[in-house]
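>>> Next input, structure requested:
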Amino acid sequence: MVNGRTALKAIMLCLVIIPFFLSAVNISQAAAESKPKVYDFANLLTETEVEELEAMADKYGAKRETEFIILTTKDTEGKDVVKYMQDFYDDKAPGYDKPHGNTAILTVDMQHREVYLAGFYKAKLYLDDSRLDLIRNKITPDLSNGDYYLAFSKFIKTSYKYMGIKPGVNPENILFTLWFQLAASLAVGGAVVGVMLYNSGGKVTVNEGTYRDFQNSRVREQRDDYIRTTVTKRRKPSSNSSSGGGGGGGGTTSGGHSHSGSRGSF
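Okay, here's the model as predicted:
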């Protein structure tokens, strides 16, 4: 009887321990399979900054089902920055949903002072060339000033925000429209309140003619002298819409993966 109870206790203990053991194994496997988000080969970041950017990329990437990747280098191995990024994508395959899947990559080439942004699959749809141009314009001043952590965090957060907006729509116009609608609503509301306050105070019966003597008040003299006309000429600014002398666009990797893109210097 004692042996039976002991065996029963052992079985119950196993039933309790085994789920925790399997859960720990799954977590360890997931951690082992998790790929880095920051590849700072140019050593632009501190260890703390890398850890913070990794956590940020994990957080926002999970919400958009897209890997946000930071790639820096001091040596492109003789390749153009676009080709360097493409080969990195083909070799590392940092896709969120599958190998070579949803990915947005920010590549910084310190050798030639160039920056290139690319979007693959879902990121290509939501982060098209024009949206990547907007993001690049936001981060280029920070790159020029050496504020690399700030530039990289802006890339992740702005990419996340833009991927929450319907493709084909200018995200900056949406933000402007929202603020304009709010301002217009406040203006209309203020005008209505002002009219109500004005009407509630009674009508004013005194005007500019109440105390004027129209019999003796006259215009004594009128004079209008023409002096000269001045014409000022200004040079029309150029229509370059991208800071850092950039633009460019997407392409296709050697592995056949097409992507959107935006390129510029800093």
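>>> When you work out contacts or count neighbours from here on, use the C-alpha atoms and nothing else.
Noted.
>>> in the chain, which spans are helices?
2-33, 47-64, 81-92, 122-126, 129-144, 148-162, 171-200 (DSSP state H).
>>> Would you mark the buried spots in stretch 55-68?
Of all the residues in stretch 55-68, those buried under the rule 16 or more other C-alpha atoms under 10 Å are 56, 57, 58, 60, 61, 64, 65, 66, 67, 68.
>>> right, and the second one touches residue 66 too?
In other words, residue 57. No - counting by C-alpha atoms under 8 Å, residue 57 sits too far from residue 66 to count as a contact (9.1 Å).
>>> which non-adjacent residue is nearest residue 41?
Ranked by C-alpha to C-alpha, 6 or more residues apart in numbering and with sequence neighbours excluded, the top spatial neighbour of residue 41 is residue 73, at 4.9 Å.
>>> Enumerate every residue touching residue 84.
Going by C-alpha atoms under 8 Å, 6 or more residues apart in numbering, residue 84 touches residue 76.
>>> what's the answer for residue 49, then?
So residue 49 contacts residue 149 (C-alpha under 8 Å, 6+ apart).
>>> Kindly report the same for residue 61.
Residues counted as contacts of residue 61 (C-alpha under 8 Å, 6+ apart) are 67, 68, 160.
>>> if we go to 6 Å?
By C-alpha atoms under 6 Å, 6 or more residues apart in numbering, the residues touching residue 61 are residue 67.
>>> So it versus residue 164, what's the distance?
12 Å (C-alpha to C-alpha, to the nearest Å).
>>> rank the helices of the chain by pLDDT, which is bottom?
If the helices of the chain are sorted by mean pLDDT, helix 2-33 sits at the bottom with a mean of 48.
>>> Kind regards, and thank you for your time.
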